[in-house]
Every structure is written in C-alpha cells, then in structure tokens.
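Engineer: Below is the sequence, then the predicted model.
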Amino acid sequence: MGIDKLIFWAATLLYFLATIGYLIQLVTLRKDAEKAATIILLGGFSLQSLYIVLRWINLKHPPFINLHEALSFLAWSIAGTYLIMQFKHKPKGLGAFVT
C-alpha cells in the first residue's frame with residue numbers, strides 16, 4: 001500500500017470519527033463533543049488535502065478525472081465548506097449530516 005492510500009484511509013477514519021462525535025453532540029448537546037469532532041474533522045480535511053496534492057503530483061493532472069477522484073474531491077470540498085461555516089457561523093447540529 002502506497003503512502004497516498006494510507007493517507008486516504010487515515011482521512012476516511014478521521015471523517016468517520018468526526019461523524020460519531022457530531023452524532024454524540026446531536027444527541028447529548030455536549031459542546032465538548034462538537035469541539036472534538038470539529039478538531040477531528042479538521043485533521044481529516046488536512047490529511048485529505050495532502051492526499052489530493054500527492055495524487056496531483058503523482059498523476060501530473062488534477063485529481064478529479066475519474067469517479068474515485070471526483071468523489072474524493074467532492075467530499076473534500078464539502079468538508080472544507082462546512083469547516084468555514086463552522087468557524088464563521090457556528091451552525092448547530094449540521095455536522096452529523098455533513099460528515
């Protein structure tokens with residue numbers, strides 16, 4: 001398994017853990033669960049950003065040509081947009097659905 005695949009799966013795991021954190025926050029309304037989930041989501045977003053850059057360098061073209069790359073780029077875009085919204089507007093309960 002190449003380093004890019006390892007980074008991809010690590011980002012996927014962090015996205016999954018962020019989803020669990022946001023679901024806990026949605027059910028219990030605990031602010032610390034939301035904060036932890038946001039930090040985990042930021043980590044997953046950072047790893048996926050690294051993955052996209054590495055793919056771009058290795059493939060020598062933008063990494064959204066095939067279905068896998070396009071869906072990965074879409075997930076990255078959604079996560080990034082949500083993180084911007086999270087820091088600017090503090091939406092409540094949306095994280096569980098976005099992740």
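Structural biologist: Alright, I've got the coordinates. Numbering: from 1, shown residues only.
Engineer: so after the helix or strand containing Gly21, what's the next helix or strand?
Structural biologist: Following DSSP states H and E, one finds Gly21 within helix 3-28. Sequence-wise, the next helix or strand downstream of helix 3-28 (DSSP H and E) is helix 31-59.
Engineer: Can you list the helices and strands that that next one packs against?
Structural biologist: Counting contacts by 3 or more CB pairs under 8 Å, 6 or more residues apart in numbering; DSSP states H and E, helix 31-59 is packed against helix 3-28, helix 67-89, helix 95-98. C-betas here are computed from N, CA, C, even on glycine.
Engineer: With mean neighbour count and mean pLDDT as extra columns, can I get these in a markdown table?
Structural biologist: Shown next, in a markdown table, are the helices and strands packed on helix 31-59 (neighbours: other CB atoms under 10 Å; pLDDT from 0 to 100):
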| stretch | mean neighbour count | mean pLDDT |
| --- | --- | --- |
| helix 3-28 | 17 | 92 |
| helix 67-89 | 14 | 90 |
| helix 95-98 | 18 | 75 |
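Engineer: Turn those helices into JSON lines, columns for distance to Lys35.
Structural biologist: Shown next, in JSON lines, are the helices and strands packed on helix 31-59 (distance: least, CB to CB, whole Å):
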{"stretch": "helix 3-28", "distance to Lys35": "9"}
{"stretch": "helix 67-89", "distance to Lys35": "10"}
{"stretch": "helix 95-98", "distance to Lys35": "11"}
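Engineer: returning to that earlier point: what's the angle between the helix holding Gly21 and helix 31-59?
Structural biologist: Interaxial angle of helix 3-28 relative to helix 31-59 (axes from the mean of the first three to the mean of the last three CA atoms, to 10 degrees): 160 degrees.
Engineer: What helices and strands are in contact with helix 3-28?
Structural biologist: helix 31-59, helix 67-89, helix 95-98.
Engineer: Figure out which of those is closest to Thr12.
Structural biologist: Comparison of these against Thr12 by CB to CB identifies helix 31-59 as nearest, at 7.6 Å.
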